[in-house]
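S.K.: turn this into a model:
(chains A and B)
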Amino acid sequence: MKLVPLRDNPQFLKGFYLRTRFPEVIFEPVLAALVLVVFLVLWTPMGGGPLSWKALVLVLAGMQVCLALLLAPLAVVRLTLLDRMAGVVDFYRASPLPTRNHLVGLVLGGVFPEWLLGGALFLLFLPIAHAAGIPWHLSCAFAASLLLSSLVLALGLSGSAAGNARTGGEGLIVFVLMAYGMALLFAGKEGFGMWIHAAGAPVVRAVLTHHHLTAGEGYGLGQTLVLVGFQAAMQLPLLLLGWVSLWRGFRGPRWHNGRKFQALLLSVYVFCCLLPGGGWSVPQGLSPARVGNGVVMRDPEETNAEREVQDYWWQHRGMVVVCGGMAAALLLGTMAAATPARGETVRGMRRALKTGARRAALLDDWALNPPVMVGVSLVSLLAIAAFHATGVVHLTAGAACWLVLVFLGCLWFALLHQYVQLRWGSRARQMFILFVLATWVILPLVALFNPFGMILSPFLPFGLLLANFPSFFDAGTRGEWVTPATFIFLAADLMLVCVFSGILWAQYRRVCEAVSGKRPDGKDDAETRPLDKGTGGGSAPATPEVTGRVGARETS
Amino acid sequence: MISVKSLRVDYDTVTAVEDLDLEVAPGEIFGLLGPNGAGKTSTIKAIARAIEPTYGEIRIDSVDPDVHPEEAWRRIGYMPDLPPLYPDLTVRQYLDVFAAAHLVARPGRADRVRDWAARVDLEKKLDTRVSELSRGMKQRLVLAKTLLPEPKALLLDEPASGMDPIARVEMRRLLHEAAANGAAVVISSHILSELDELCTAVGVMEKGRMVVSGSIADIRRRLETGVRLRIRPAGATSAEAVAAFLEGNPLVSGPAVAAGQCLAEFHGTEDQAAELLSALAGGGLTVAEFALEHESLESLFMRIGARETS
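M.R.: As a prediction, the model looks like this:
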């Protein structure tokens, strides 16, 4: 993993040259730095009291957040887009410099003014935060948290920007990722789940609320390290996803940056986000009963009863979230893995036929056919049933119905997605992305920020109805909730799965026939049917037979 | 050496290149000809790995780009048809960025940048922004960027478009120099007369297939194109007399008179042409000009069957 020095890194050099042009570009960070200095000079005489220091800490923290989470990622995206628009990416693709150098150079070179300014802000922040009573380790954790989040955002967004119609897929994956992020943000208001670690929220919250804590009740060094570690672990799949997307944009498709690998990373991330967070996400030091100067005094019996109800609620909710997460992760992965469009699918088949099933063809180009998708779903359901049988989780009848519904909904959505990719043109595919936008982002917000609406919303209208069902999470107190409507929805989803499986299978069969003259089941067709336009492509244009010495046209 | 076997490139529902074979030896300059959409650009891009071919075996100096991509790219210089540029960089900065991308070591990189800028006549523009250059200058800049790492395989897609005649002559000189240093060059161009002077071999593509390829002389031979004989009589000798003399000569066919000259197809060697000239003189015919004219590449291309030149 040796990197060339930055002075020999073309992306760094490009970023450096472009961001140090005088006066138009260098002006931005210089102006920002000047404003900061003036602000501090004016602020200092006003300072003196602890309140003043705390306010200054908030201002500096806000500036760092803005710099790390907005300006720096935008700068990287801007440079990536410049490469793509100017067509220079082809030059980088044909460069002998190892890819990691390009990516490191892009992230460091493009945003070096922001990094420098961020570093300066951090150096200012440290003593001021200390003066405000925030321990050193918390300030450092804050900076580390922002740095991690900034890297994830920069790589993720520029990975998306580097993709194009030729490399494909990244847009959808990053888009789905953002939708998940938004939905999780609102799901987070419920106060559970590991998602907040992925956003780096605990560390930021710790800093921002530190002044409310009495001495000794805040985060210790060990606890802070664990929080930062959690954040790093949670963001690792996203970091890798952004890295491989960018890699794909700069170097073209390879098996190790293939869509299925990206889908796997996304699935891991989503699964982790849905894990119950327990005490880590709501540390005891910040629980309402212990926060602030005014300690809330409660009756011990009342507190115990409340705790028992909460424990029960959390247990069931966590269980369902784990299962839902497994389902969503596996099936989302299946769906995302099946993103190659018609032309790419045909190309993958053709390549596999010619050269054997090479890794690139299998992992990147080939779409998953319905039996594989149904198989994945069944294996996932069986895994959950095994969890139930071994007592790892406890499924109520309502929860089991819900899970089956989620699986069926996911499955038909994945089949529909595959069908759109194989059958429709690019315009229709764009419309499909709009559909995803509506169902994954807007409707979850409409559905009262319901965390489960996020999982169910793609499968509207059934999902929306289900999301608003009297919750089976209350099964312990209100009884089971399996109604005739549940079975109607199950039947409807099953019917959709069957219909789309049939349509997609026929579609897939036509594509296979067009490529090889053989059916997917291996039987030879007497003759290869010509591929009519729009039903799965890849057919070669009528190529004249090359015969004789010239062949293309008669030679005079 | 560039070696391509069974190359195929598909875009969605279109097959751009189909089962293409190509061998370009070191020192050879291979011209790709063909009408619009014949697959020339796709071929060059696939060899440069700017696009992923559907399948096909490509070797650059015996290196497989699938197995050792960075080793292969070290040997490749690629110039696309539309020059990709950063408008806000200066010429010096642009060359420096791509010299670094091709692992040109820092000590001496600045000198090499200056040297190559001079070789494409841009040394006075070193600190000018790329956006302020003319189209021909931009093309020369990208040519300098391509040649600067001194690659063993040069892939040039329409490199002369937008260049003025002097720059074209300079480009030809640079490419001959690269070939003389052992580079294998593949070039596509719509200026056929230019390829005629530049290339040692050509290939004509149509609808994704290589219709014919080989050295220009070889193609002429395969097309059985005769050499045109042009004789301008002098003194009292008339063109009609020369035509009458040539009638019945087995090496000559279709003698005709046009604009006071005798034109015919000649099917012999140069020695036989010399003997014919002696026979003309021996027959008492005075000749002011005796010329064997080969068919131009453009005319060959039209005969091969392409409707339009790209």
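S.K.: does stretch B:186-199 come close to chain A?
M.R.: No. Stretch B:186-199 lies apart from chain A when judged by C-beta under 8 Å from any C-beta of the partner chain; the minimum separation is 13.7 Å. To be clear about C-beta, it is placed using only N, CA and C from the backbone, and glycine gets the same treatment.
S.K.: got the end-to-end distance for that stretch?
M.R.: 9 Å (C-alpha to C-alpha, to the nearest Å).
S.K.: for that stretch, the distance to its chain's centre please.
M.R.: 3 Å (C-alpha atoms, centre = their mean, to the nearest Å).
S.K.: same question for that stretch, mean pLDDT?
M.R.: Stretch B:186-199 shows a mean pLDDT of 79.
S.K.: list the buried ones in that stretch?
M.R.: B:186-192, B:194-196, B:198-199 (16 or more other C-beta atoms under 10 Å in any protein chain shown).
S.K.: from the residues you listed, which land in strands?
M.R.: B:186-188 (DSSP state E).
S.K.: need the residues of the stretch 1-150 of chain A near chain B, please.
M.R.: Counting by C-beta under 8 Å from any C-beta, the stretch 1-150 of chain A sits next to chain B at A:5, A:7-10, A:13-14, A:17-18, A:21, A:82, A:86-88, A:90-98.
S.K.: in the stretch 101-250 of chain B, what residue comes closest to chain A?
M.R.: With C-beta to the nearest C-beta, the shortest gap between the stretch 101-250 of chain B and chain A falls at B:Ala101, namely 3.9 Å.
S.K.: quick one: that residue and A:Ser95 touch, right?
M.R.: Yes. In terms of C-beta atoms under 8 Å, B:Ala101 counts as a neighbour of A:Ser95; the distance is 4.1 Å.
S.K.: could you name every residue contacting both of the two?
M.R.: Each of A:Pro10 lies in contact with both B:Ala101 and A:Ser95 under the rule C-beta atoms under 8 Å, 6 or more residues apart in numbering or on different chains.
S.K.: helices along the stretch 151-300 of chain B, start to end?
M.R.: B:165-180, B:192-198, B:216-222, B:239-246, B:270-282, B:297-304 (DSSP state H, counting those that start in this stretch).
S.K.: hey, least reliable of the ones you listed by pLDDT?
M.R.: Looking at those, the bottom one is helix B:297-304 with a mean of 66.
S.K.: roughly how far does A:Ser149 sit from A:Leu157?
M.R.: 12 Å (C-beta to C-beta, to the nearest Å).
S.K.: list the buried residues in stretch B:16-29.
M.R.: Of the residues in stretch B:16-29, those buried (16+ other C-beta under 10 Å) are B:16-20, B:22, B:24, B:27-29.
S.K.: in a markdown table: these, plus secondary structure.
M.R.: Below are the buried residues of stretch B:16-29 laid out as a markdown table (DSSP: H, G, I helix; E, B strand; the rest coil):
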| residue | secondary structure |
| --- | --- |
| B:Ala16 | strand |
| B:Val17 | strand |
| B:Glu18 | strand |
| B:Asp19 | strand |
| B:Leu20 | strand |
| B:Leu22 | strand |
| B:Val24 | strand |
| B:Gly27 | coil |
| B:Glu28 | coil |
| B:Ile29 | strand |
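S.K.: out of those residues, who's near chain A?
M.R.: B:Glu18.
S.K.: Throw the buried residues of stretch B:16-29 into JSON lines and include distance to B:Glu132, thanks.
M.R.: What follows is the buried residues of stretch B:16-29, written out as JSON lines (distance: C-beta to C-beta, whole Å):
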{"residue": "B:Ala16", "distance to B:Glu132": "35"}
{"residue": "B:Val17", "distance to B:Glu132": "37"}
{"residue": "B:Glu18", "distance to B:Glu132": "43"}
{"residue": "B:Asp19", "distance to B:Glu132": "45"}
{"residue": "B:Leu20", "distance to B:Glu132": "40"}
{"residue": "B:Leu22", "distance to B:Glu132": "39"}
{"residue": "B:Val24", "distance to B:Glu132": "36"}
{"residue": "B:Gly27", "distance to B:Glu132": "37"}
{"residue": "B:Glu28", "distance to B:Glu132": "37"}
{"residue": "B:Ile29", "distance to B:Glu132": "32"}
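S.K.: could you redo the buried residues of stretch B:16-29 as JSON lines and give each row pLDDT?
M.R.: As requested, the buried residues of stretch B:16-29 are exported to JSON lines (pLDDT from 0 to 100):
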{"residue": "B:Ala16", "pLDDT": "90"}
{"residue": "B:Val17", "pLDDT": "92"}
{"residue": "B:Glu18", "pLDDT": "88"}
{"residue": "B:Asp19", "pLDDT": "87"}
{"residue": "B:Leu20", "pLDDT": "91"}
{"residue": "B:Leu22", "pLDDT": "90"}
{"residue": "B:Val24", "pLDDT": "93"}
{"residue": "B:Gly27", "pLDDT": "92"}
{"residue": "B:Glu28", "pLDDT": "92"}
{"residue": "B:Ile29", "pLDDT": "93"}
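S.K.: where does B:Lys124 land on pLDDT?
M.R.: 91.
S.K.: quickly find the element holding the residue in the stretch 301-450 of chain A that chain B sits nearest to.
M.R.: With C-beta to the nearest C-beta as the measure, A:Gly343 is the residue of the stretch 301-450 of chain A nearest to chain B, at 3.3 Å. Using DSSP states H and E, A:Gly343 falls within helix A:342-355.
S.K.: list the buried residues of that helix.
M.R.: Across helix A:342-355, burial judged by 16+ other C-beta under 10 Å covers A:342-353.
S.K.: now swap in stretch B:110-129 and tell me
M.R.: Buried-residue list, stretch B:110-129, by 16+ other C-beta under 10 Å: B:112-113, B:116-117, B:119-120, B:122, B:125, B:129.
S.K.: that stretch: how far from the chain's middle?
M.R.: On C-alpha atoms, centre = their mean, the centre of stretch B:110-129 falls 26 Å from that of its chain.
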